[in-house]
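Trainee: structure for this input, please:
(2 chains)
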Amino acid sequence: MPRFFEHLNILAMPTDACNMNCAYCFHKQHCNNNGFMSMDTLKQLVSITLPFYKKVKFLWHGGEPMLMGLDFYRNALKLQKGTTCRIENAIQTNLTLMTPEIAAFLCENKFGIGSSYDGIYNANLRGNDEAILRGRQMIIEQGGKCSFIMVVSQYNIDSLIDSYKFFKEKHINFTFNLYIDSKDFENSTLKLREDETIRRIKEFFIYWAHDANCTIEVSYFRRILEFILFRKKTICTYTSCLGRWVGVRHDGEIVPCNRYFPTEYSFGNVFDYSNIGEAFESEGFVNILSKAIDRRNKCKSCEIYDFCNGGCNHVAYNENGIDSNGGASCRIRKEIYMYIEDFVDNAIASQANDDTYNKKFSTMLYRARGKKNDIIFKRTAK
Amino acid sequence: MSVIDLYNEYLKQSSVSVPLSFGHDDGRTDEYDPAHGDYTDFHYYKMAHYDSHEDSHEDEWDYSIGDGQHYDGHGDEHDDESDD
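Mentor: Sure, this is the predicted structure:
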């Protein structure tokens, strides 16, 4: 029975329903069923996972997961008790349904909380500006944290620096994710133009790297820098997600993650199994695994393969197919990575005063130098 | 080819292992603490000692998700902490 690791991440999608209507939502294109996860389904999910792992993380997604109501999560916590399995919960919510009671519950139970906000163009792309920021404030008042994801599309690509200033003014950490056109639903308003995207992100990086007043995290850059300096990476898109991540839909269907994949990549249903390891023997799992291997074989000669390891299956699916590479996101990632790598090499080689960089970056440089780790030696020797 | 063999082939394609990362400490900081001569954050301490050898311990606990629009992550304060 395959249980490839002692830990498992579950992207639980207890409902597809959502009270928002974001311009770039891919979920509504494919998952327009407004069903809600039943207690039986939740119990079954718990019973086929927790006994077989040392660690399980539930990442509650949707739709809007708070549409399930607080009692659903109270019951989830009850079901999670009485096991030796170490459990974490996190939730990705649009925050519009947040109340002080919900905020207190989430914080008391140590839920990781994340949301999205599209910078200075949020009103045009997501809406509900005030409700989102108010919801976040409730989390903060309960002692919690909540950072944002900004989806960057052609609509707001010119706002990266201004949006950074917006987030900085509000002391909100954020990252930005690049819009990916759905394979079946092209959107010419949102679809990124590669050259402009690369140029804008480079401009933003330079601005951020030299911003002496930087007080917030921009995770997009941090992830690249951490890999360059420390060979560290954690994000699913750049590591081997298959076998340690699964998505579970409201009806119990097990899927590769929270994003849309056609049924040929379905791993079955929680009610099909007594141990979720059986799902890793399913035809759907073998289908996606085989194609991911094919794609990685094609990627191996790329200069940044060690960094991205072939990238995300869902992005590949929407670009040239899961078994292929070379889409727009590939080129953008590669150019940005190599640009930042050159920047880091120059910073290391110049031995310049790190005060010329923002504190986040200079701290990482200092740290890397101080430890005299092999990576710095290798980079200095380049 | 069995699923296990296929999966091993998949893992072998990952040239860099990453540290186990589970849980998070919301008090994480990357501030340098001169009193301790090191960074106060365990995560940074750990990753600085990370040795990128072989695939065999590609045992990462990844729970940050990224790229693409919509619900693509759960807040970036939670994607990189390690306390194991």
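Trainee: please make it C-alpha for all contacts and neighbour counts, starting now.
Mentor: OK.
Trainee: from the chain's centroid, how far away is stretch A:56-75?
Mentor: With CA atoms, centre = their mean, to the nearest Å as the basis, stretch A:56-75 stands 17 Å off its chain's centre.
Trainee: show me where pLDDT drops low in chain A?
Mentor: Counting by pLDDT under 70, chain A shows low-confidence ranges at A:1-4, A:31-32, A:351-354, A:370-382.
Trainee: point me to the helix or strand that includes the residue of it found nearest chain B.
Mentor: Ranked by CA to the nearest CA, the top residue of chain A for proximity to chain B is A:Gly114, at 3.8 Å. In the assignment (DSSP states H and E), A:Gly114 maps to strand A:112-116.
Trainee: endpoint to endpoint, stretch A:80-98 covers what distance?
Mentor: In terms of CA to CA, to the nearest Å, the two terminal residues of stretch A:80-98 are separated by 23 Å.
Trainee: what helix or strand is A:Ile201 located in?
Mentor: With DSSP H and E as the criterion, A:Ile201 is inside helix A:194-209.
Trainee: that helix: what's the following helix or strand?
Mentor: helix A:219-230.
Trainee: touching chain B at all, that following helix?
Mentor: Yes: shown here: helix A:219-230 in contact with chain B (CA under 8 Å from any CA of the partner chain) through A:219, A:230.
Trainee: in the helix or strand that that helix is followed by, what counts as buried?
Mentor: With elements assigned by DSSP H and E, the helix or strand that comes after helix A:219-230 is strand A:245-248. Of the residues in strand A:245-248, A:245-248 count as buried by neighbour count, 16 or more other CA atoms under 10 Å in any protein chain shown.
Trainee: next one: stretch A:349-368
Mentor: A:354, A:357-365, A:367-368.
Trainee: from one end of that stretch to the other, what's the distance?
Mentor: Stretch A:349-368 has an end-to-end distance of 13 Å (criterion: CA to CA).
Trainee: how far away from the center of its chain is that stretch?
Mentor: On CA atoms, centre = their mean, the centre of stretch A:349-368 falls 27 Å from the chain's centre.
Trainee: circling back: can you get me a residue count around the residue of chain A closest to chain B?
Mentor: When neighbours are counted by other CA atoms under 10 Å in any protein chain shown, A:Gly114 registers 26.
Trainee: swap in the one 3 residues further on?
Mentor: By the criterion of other CA under 10 Å, A:Tyr117 has 25 neighbours.
Trainee: the nearest residue to it once chain neighbours are set aside pairs with what?
Mentor: Nearest non-adjacent residue to A:Tyr117, counting by CA to CA, 6 or more residues apart in numbering or on different chains: A:Met150, 5.3 Å away. A:Met150 has the following beta-bridge partners by DSSP bridges: A:Phe176.
Trainee: need the contact list for A:Met150.
Mentor: A:Met150 sits next to A:116-119, A:174-177 when contact means CA atoms under 8 Å, 6 or more residues apart in numbering or on different chains.
Trainee: just the closest of these to A:Arg200, please.
Mentor: A:Phe176 (12.5 Å; CA to CA).
Trainee: residues in contact with residue 14?
Mentor: No chain in the question, so chain A it is. A:36-37, A:60-63, A:65, A:68, A:248-250.
Trainee: nope, chain B please
Mentor: Here B:Ser14 is in contact with A:239-240, A:306, A:309, B:55 (CA under 8 Å, 6+ apart).
Trainee: these, buried ones only, as a PyMOL selection?
Mentor: Burial among the contacts of B:Ser14 is assessed by 16+ other CA under 10 Å; the matching PyMOL selection reads:
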select buried, chain A and resi 239+240+306+309
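Trainee: before we move on, the earlier item: tell me what the strand holding A:Gly114 is packed against?
Mentor: In this structure, strand A:112-116 packs against strand A:86-92, strand A:147-152, with contacts taken as 3 or more CA pairs under 8 Å, 6 or more residues apart in numbering or on different chains; DSSP states H and E.
Trainee: now do the phi/psi pair for A:Glu253.
Mentor: phi -70, psi 140 (degrees, to the nearest 10).
Trainee: number of nearby residues for the residue nearest to it when sequence neighbours are not counted?
Mentor: Distances taken as CA to CA, 6+ apart put A:Asn269 closest to A:Glu253, at 4.2 Å, once the chain neighbours are dropped. By the measure other CA under 10 Å, the count of residues near A:Asn269 is 19.
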